[in-house]
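**Q** got a predicted structure here, sequence first:
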There are 2 protein chains.
Amino acid sequence: MTDLEKSMELLLTTFHRYAEEDGDGQMLSKKEFKKLVEKELPTFLKAQKDPKVVDKIIKDLDENKDQKIDFQEFLVLINGLSMACERCYVLQQKKCKK
Amino acid sequence: MTDLEKSMELLLTTFHRYAEEDGDGQMLSKKEFKKLVEKELPTFLKAQKDPKVVDKIIKDLDENKDQKIDFQEFLVLINGLSMACERCYVLQQKKCKK
């Protein structure tokens, strides 16, 4: 399996590992989403000052307002975080080249 | 590092590994993008019937028409593939439960 295939597999299996906790299996409840963020994104969470940040993220991500986060909505979070990480990575690279 | 952090790291480092080949480092040229798809997505590529599929993908992804694929445009491809994989995963899960 290539790195890119591995990356997508991890996205998928991680999402479903938490989504399956309440037996629904295909979507994250608020509770499951909070647990996912706490367990899988501890570094990101620690950097947040607002204690209500996870509730706000859920509100932003839940486009169809069904009180659940589906895989497509979940990918919006991953995109945002990946883009932020990539900007840090590029800045880091520039510093190293000086 | 958690699975989700690992997944995002792999996305980022894979993109930059190919983007850095021509020294530009931040965007994929057409040539670099083709190499990335051939090396990192062999299973996907083998399943495509159209020999021109990579050129078509580049055309679709290159939103700002600069003949390059930046990280944000690259994520659109990853989203599409991840969504397709997730649908297969869910169908597979349903079959297993029968």
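**A** Received the coordinates, thanks.

**Q** now the helices for chain A?
**A** If you assign secondary structure with DSSP state H, the helices in chain A sit at A:3-19, A:30-40, A:42-46, A:53-61, A:71-97.

**Q** most packed of those helices?
**A** Comparing those by mean neighbour count (mean count of other C-beta atoms under 10 Å in any protein chain shown), helix A:3-19 comes out on top with a mean of 20. No exception for glycine: its C-beta is placed from N, CA and C like everyone else's.

**Q** now that helix - C-alpha only, PDB.
**A** Taking Å, rounded to 0.1, in the frame of the first residue of the first chain, the C-alpha atoms of helix A:3-19 are listed here in PDB:
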ATOM      1  CA  ASP A   3       1.600   6.400   1.400                       C
ATOM      2  CA  LEU A   4      -1.400   8.100  -0.200                       C
ATOM      3  CA  GLU A   5      -3.500   4.900  -0.100                       C
ATOM      4  CA  LYS A   6      -2.500   4.500   3.600                       C
ATOM      5  CA  SER A   7      -3.500   8.100   4.300                       C
ATOM      6  CA  MET A   8      -6.900   7.700   2.800                       C
ATOM      7  CA  GLU A   9      -7.400   4.300   4.500                       C
ATOM      8  CA  LEU A  10      -6.600   5.900   7.900                       C
ATOM      9  CA  LEU A  11      -9.100   8.700   7.200                       C
ATOM     10  CA  LEU A  12     -11.800   6.200   6.500                       C
ATOM     11  CA  THR A  13     -11.100   3.700   9.300                       C
ATOM     12  CA  THR A  14     -10.600   6.400  11.900                       C
ATOM     13  CA  PHE A  15     -14.000   8.000  11.000                       C
ATOM     14  CA  HIS A  16     -15.800   4.600  11.100                       C
ATOM     15  CA  ARG A  17     -14.100   3.500  14.300                       C
ATOM     16  CA  TYR A  18     -15.800   6.400  16.100                       C
ATOM     17  CA  ALA A  19     -19.000   6.400  14.000                       C
END
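
**Q** and the angle for that helix with helix B:3-19?
**A** Between the axes of helix A:3-19 and helix B:3-19, defined by axes from the mean of the first three to the mean of the last three C-alpha atoms, to 10 degrees, the angle is 160 degrees.

**Q** do stretch A:22-32 and chain B meet at all?
**A** Yes. Contact between stretch A:22-32 and chain B is present through A:25, A:26 (criterion: C-beta under 8 Å from any C-beta of the partner chain).

**Q** what does the average pLDDT come to for that stretch?
**A** Mean pLDDT, taken over the full extent of stretch A:22-32, equals 89.

**Q** end to end, how far does that stretch reach?
**A** With C-alpha to C-alpha, to the nearest Å as the measure, the ends of stretch A:22-32 fall 8 Å from one another.
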